[in-house]
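S.K.: For reference, the sequence and a predicted model appear below.
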Amino acid sequence: MEQHIPEGANIPSEEAVAAERERLQYQKRYRQTLRTTIYALVVVAAAAVLLATLFLPVLQVSGSSMEPTLEDGDIILLVKTDSFDTGDLVGFYYQNKLLLKRVIAGPGDIVDIDDEGNVSVNGEVLDEPYLNSKALGETDIVYPYQVPENRYFVMGDNRLTSIDSRSSAIGCIEEEQIVGRVILRVLPLNRIAIIQ
């Protein structure tokens, strides 16, 4: 059957038809690529949130109790673990706030602090290179002090201003309160460091 083309109709050339086909195929590929990219970004974001929530919480430091190790505004990365050693920096919940302090002693250890701020655990003076200055700080407990079972004695690095296990207001923290151990300062960029 023969088709009738009206007079004066503008019939596109073969090149124009080929160019239009190419343009439509390009648009289709572009939309597919865009859709795939968006799906991939959503999956990566969901995985990052899940990872941060379950294994590697990211926190912003607020306050000066951990200076000079951590400063106000630093962004840090924690790792969830149930094993803590003397000297580890940990984040823990206290009255719906997340505090950062250093583990000084574990369950059953005996802590003693002299008037100059020298800390002894089980009769051995701690080497604390992370401190700028030692101080007895605010304390209302009697030394020597034995850490109760399933608890940790924690102190801030800024011993003059930190409120920590030396005060009965906070006391020793339970293992269940601990969110994780600080492993890395990620911001500011000029201070990125593994935290010891």
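M.R.: Happy to help now that I have it. Numbers count the residues shown, from 1 in each chain.

S.K.: Where does pLDDT dip in the chain?
M.R.: Under the criterion of pLDDT under 70, the regions of the chain flagged as low confidence span 1-9, 47-60, 184, 188-194, 196.

S.K.: ok, which stretches of it are strands?
M.R.: Using DSSP state E, the strands found in the chain span residues 58-60, 75-79, 89-94, 97-105, 110-113, 119-121, 124-125, 145-146, 151-155, 173-174, 178-187, 193-194.

S.K.: Including mean neighbour count, could those strands go into JSON lines?
M.R.: (Each C-beta comes from the backbone N, C-alpha and C, glycine too.) Below are these laid out as JSON lines (neighbours: other C-beta atoms under 10 Å):
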{"stretch": "strand 58-60", "mean neighbour count": "14"}
{"stretch": "strand 75-79", "mean neighbour count": "18"}
{"stretch": "strand 89-94", "mean neighbour count": "19"}
{"stretch": "strand 97-105", "mean neighbour count": "21"}
{"stretch": "strand 110-113", "mean neighbour count": "19"}
{"stretch": "strand 119-121", "mean neighbour count": "19"}
{"stretch": "strand 124-125", "mean neighbour count": "10"}
{"stretch": "strand 145-146", "mean neighbour count": "16"}
{"stretch": "strand 151-155", "mean neighbour count": "25"}
{"stretch": "strand 173-174", "mean neighbour count": "18"}
{"stretch": "strand 178-187", "mean neighbour count": "18"}
{"stretch": "strand 193-194", "mean neighbour count": "10"}
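
S.K.: Relative to Leu136, which of those is closest?
M.R.: Shortest separation from Leu136 across the strands of the chain is recorded for strand 110-113, at 5.9 Å, computed as C-beta to C-beta.

S.K.: Can you lay out the strands of the chain as CSV showing distance to Lys134?
M.R.: Formatted as CSV, these follow (distance: least, C-beta to C-beta, whole Å):
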stretch, distance to Lys134
strand 58-60, 27
strand 75-79, 24
strand 89-94, 18
strand 97-105, 13
strand 110-113, 9
strand 119-121, 8
strand 124-125, 11
strand 145-146, 17
strand 151-155, 11
strand 173-174, 22
strand 178-187, 22
strand 193-194, 23
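
S.K.: Without its sequence neighbours, what residue ends up closest to Glu67?
M.R.: Counting by C-beta to C-beta, 6 or more residues apart in numbering, Glu67 lies nearest to Asn158, which is 4.6 Å off, once chain neighbours are set aside.

S.K.: List the residues that contact the one you found.
M.R.: Under the criterion of C-beta atoms under 8 Å, 6 or more residues apart in numbering, the neighbours of Asn158 are Ser64, Ser65, Met66, Glu67, Pro68, Asn132.
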